[in-house]
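Asks: Quick check, what structure comes out for this input:
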Amino acid sequence: MSTPADAVHGMLTVLFALLAAHALRHGVRSPGTALRDRVDHLLHFAMAAAMAAMPWGVGHSLSGRTTVALFTAAAVWFPLTALHRRTRDGAGRTTDGAGRTANGAADVLHRLPPAVGMAAMAWMLRTSHGGAAHSHETLADGVPAAHHTAALGHGADASATAAGITGLLTVYLLACALRSLTRPMPSLRSATDTAHRAAATDPYGHVRDGAMALGTAVMLLMPH
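Replies: Numbering: from 1, shown residues only. Alright, predicted model coming up:
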């Protein structure tokens, strides 16, 4: 019997399938795309495809150490490549000093939302099937009741910590989604700087990023 949660999962699956197709198209077919941008799109494709499958039976096979390690590495990829990207001026020369520091910091901040999204994906995969792993252990005869009480207290602390992490990720992603989805469409005729040129090649990028952040935030709150 279908439940409201199943209906939400169905809508999220459609959303993430569309996002995966969009990211794959840009990662594979866009001419002149830099290597870093192609890797970004392919990572978004992998995340969206995994999100689309996660609520259903096939998604249960995703929650393994390899998949968690993949999305953890993806979360590190975004800020790390921002730090190592050389900033160039209009003549193509590498800038340094305060200008390079400022541009590097801005690039890290720009790439922080997808990094947090990848981290949220790794977090969901890590916690989706391990929440109750130790809740059904049976105590042997003769074990003092104080040990049982201590174990329950430790489990409660761990649950509170997990809930706190989930809450922080959700609030941040909702803020990112609100910011991305309320931005005006870029003008394709005003591609005079790097930001506008990037927007001209991917005019719906901020809509995709906002939808990805919103869907991820909802998934964090849903049973999976």
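Asks: lowest-pLDDT helix or strand in the chain?
Replies: Sorting the helices and strands of the chain by mean pLDDT, DSSP states H and E puts helix 194-201 at the bottom, at a mean of 50.
Asks: Ramachandran coordinates for Thr182?
Replies: Thr182 has phi and psi values of phi -100, psi 0 when expressed as degrees, to the nearest 10.
Asks: how near is it to Phe45?
Replies: Thr182 is 25 Å from Phe45, where distance means Cβ to Cβ, to the nearest Å. In short, each C-beta sits where N, CA and C put it, glycine included.
Asks: Show me which of those two is the more surrounded one.
Replies: Ranked by neighbour count (other Cβ atoms under 10 Å), Thr182 and Phe45 place Phe45 first, with 20 against 9.
Asks: So the more buried one lies in a helix, does it not?
Replies: Yes - counting by DSSP: H, G, I helix; E, B strand; the rest coil, Phe45 is part of a helix.
Asks: my read: it touches Leu18, true?
Replies: No - judged on Cβ atoms under 8 Å, Phe45 makes no contact with Leu18 at a distance of 11.6 Å.
Asks: helices or strands next to the next helix or strand after the least confident helix or strand of the chain in the packing?
Replies: Sequence-wise, the next helix or strand downstream of helix 194-201 (DSSP states H and E) is helix 205-221. Contact analysis of helix 205-221 by 3 or more Cβ pairs under 8 Å, 6 or more residues apart in numbering; DSSP states H and E lists helix 4-29, helix 35-53, helix 97-127, helix 145-181, helix 194-201 as its packing neighbours.
Asks: pLDDT weak spots in the chain?
Replies: 1, 30-32, 59, 85-102, 104, 128-156, 184-203, 224 (pLDDT under 70).
Asks: what are the phi and psi values for Trp56?
Replies: phi -110, psi 180.
Asks: Am I right that it is in contact with Thr13?
Replies: Yes - under the contact definition of Cβ under 8 Å, Trp56 touches Thr13, with a separation of 7.4 Å.
Asks: In terms of packing, which of these two has more residues around it?
Replies: Thr13 (18 against 13).
Asks: Just give the closest residue to the more buried one, not the sequence neighbours.
Replies: With sequence-adjacent residues excluded and distances taken as Cβ to Cβ, 6 or more residues apart in numbering, Thr13 is closest to Ala52, at 4.8 Å.
Asks: shouldn't Leu214 be in contact with Ala177?
Replies: Yes - with contact defined as Cβ under 8 Å, Leu214 counts as touching Ala177 (3.8 Å).
Asks: When these two are compared, which one has more neighbours?
Replies: Taking neighbours as other Cβ under 10 Å, Leu214 and Ala177 compare with Ala177 leading, 22 against 19.
Asks: quick one: contacts for that one?
Replies: By Cβ atoms under 8 Å, 6 or more residues apart in numbering, the residues touching Ala177 are Gly210, Ala211, Ala213, Leu214, Ala217.
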